[in-house]
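Novice: Quick one, structure for this:
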Amino acid sequence: MSLLNFQEATRLHDSCLKVSGTPGVTFTGVINKNGRLVAGGFRSNNHSYEKEELYMIFLELYLDYSMRKEFDSVLGKISYMTTLRKNVNVTTIPLKEELILIFSEPSTNIEKIVEKTNKIFNNFFNNQVLN
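Specialist: Below is the predicted model of the structure:
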């Protein structure tokens, strides 16, 4: 995905909001290869993350994805990756050159969230989500 025009950015943000409406999801965003948030955000402002902290998390997640992508020719393309932590689940889903990033509560059903996210973003990009 290259630079987005206003209409595309708005539609992408709206897609993030649809995913954020899922019970247990606290954040949905799209990050680029530079670790920058392109669209989306937290469902509410009641989060404890600092801006610099978030940037480092985003950058690390994209780097992790890039390193794992090296094995696509042997293992197949990545559908999604989830890290289960004590306080939050962190899920990344490849989207062209970007990543859809989802933070959710530990008790949420990740597979249902991924399925819903793929449906929403497949509609947005006319079935071009990388899965």
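Novice: Quickly find the element holding Tyr49.
Specialist: Using DSSP states H and E, Tyr49 falls within no helix or strand.
Novice: Repeat that for Val90.
Specialist: Using DSSP H and E, Val90 maps to strand 89-95.
Novice: which neighbours does that strand have in its sheet, and in what orientation?
Specialist: Next to strand 89-95 in the sheet, as set by DSSP bridges, lie strand 81-84 (antiparallel), strand 98-104 (antiparallel).
Novice: With respect to Val74, which of those strands lies nearest?
Specialist: Nearest to Val74, of all those, is strand 81-84, at 16.6 Å by CB to CB. In this view, the C-beta of every residue, glycine as well, is placed from N, C-alpha and C.
Novice: tell me which residues of the closest one are tucked away?
Specialist: Using 16 or more other CB atoms under 10 Å as the test for burial, strand 81-84 gives Thr82.
Novice: Quick one: mean pLDDT over that strand.
Specialist: Throughout strand 81-84, pLDDT has a mean value of 96.
Novice: likewise stretch 21-41?
Specialist: On average, the pLDDT along stretch 21-41 is 93.
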